[in-house]
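>>> Structure, please.
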Amino acid sequence: MVITGSLNSISYVLSVDSIKKWLTGFLGNDYKQEIIEQKPVIETPKVIMQDDITPPQLKGYNIEYKIINDHNTKKSYIQYSIPRSAIIENGAVEKIYYYFGNNKLADPLLIGKSFKPGESQNIEIPENFLLSSSELYFIIRLQDNSGNISSNIIAPWDVSAILKIGAEEFIYNQALTNFVGTNQVTFQKFSGLFVNNNGAIWWVSPKDKGTVAN
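You can find the predicted model right below:
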């Protein structure tokens, strides 16, 4: 059966009982009385919102770091942070898992630590890591408010240079090279560095444009 009017493209399947009654009538003369009038039911389309199934991502490997100093122990540490502007995410980042160690295949979700980030522009990792000449990796995973978790994100670090000349000398050379200019971003990243030079503790100060003080 096809309905009349502008909706005549909509058709219906009749009950087999209606066909039987039509066939058993007087040559089908009264089939019109046997057919029940059918009216189309037009429903308003429902919009189904798809759940967030995309895990967070970083634009490249935008994990920032800077060197900070402990004046009491005269040791230098790495402080990592993640710019929120570098995070690609439909919702909000609810949790961060992180690992710092020599296992480059480590899963922070299994053997790392975690924390819930605040509302600051940059998400700072709530732990500072001692500079070392061993091969160490900083790995993070991001979790959004829908429960999606990113794959491992490894902070870039020139491990080969560190292993070759040592972490302190590596950072020391970077400080001397980078602070010749007036790059404010670089200045904030290297806020001074303690280095061990032939048994003497030196402090490299960017404010002194790379000069060394005992």
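>>> what are the phi and psi angles of the residue lying closest to Ile125 once chain neighbours are set aside?
Closest residue to Ile125 apart from its sequence neighbours, by C-beta to C-beta, 6 or more residues apart in numbering: Tyr80 at 4.4 Å. All C-beta atoms are positioned from the backbone trio N, CA, C, and that covers glycine. Note on Tyr80: backbone dihedrals following degrees, to the nearest 10 are phi -100, psi 150.
>>> Lys66 now?
Note on Lys66: its backbone torsions stand at phi -150, psi 160 [degrees, to the nearest 10].
>>> rewinding a little: number of residues surrounding the residue nearest to Ile125?
19 (other C-beta atoms under 10 Å).
>>> helix/strand/coil for Tyr172?
Secondary structure, DSSP: H, G, I helix; E, B strand; the rest coil: Tyr172 is helix.
>>> Could you chop the protein up by domain?
Following automatic domain parsing, one gets these domains for the chain: 1-48, 57-213.
>>> Pretty sure the residue nearest to Ile125 sits against Asn62.
No - the pair Tyr80 / Asn62 is not scored as a contact, 11.3 Å apart, by C-beta atoms under 8 Å.
>>> Tell me which stretches of this structure form strands.
57-58, 64-70, 75-83, 87-88, 93-101, 113-115, 122-124, 129-130, 137-144, 153-154, 193-197, 200-204, 212-213 (DSSP state E).
>>> want to throw the ones you listed into a markdown table with distance to Glu169?
Formatted as a markdown table, the strands of the chain follow (distance: least, C-beta to C-beta, whole Å):
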| stretch | distance to Glu169 |
| --- | --- |
| strand 57-58 | 29 |
| strand 64-70 | 13 |
| strand 75-83 | 12 |
| strand 87-88 | 33 |
| strand 93-101 | 21 |
| strand 113-115 | 29 |
| strand 122-124 | 27 |
| strand 129-130 | 16 |
| strand 137-144 | 20 |
| strand 153-154 | 23 |
| strand 193-197 | 7 |
| strand 200-204 | 11 |
| strand 212-213 | 12 |
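>>> Alright, that wraps it up for me.
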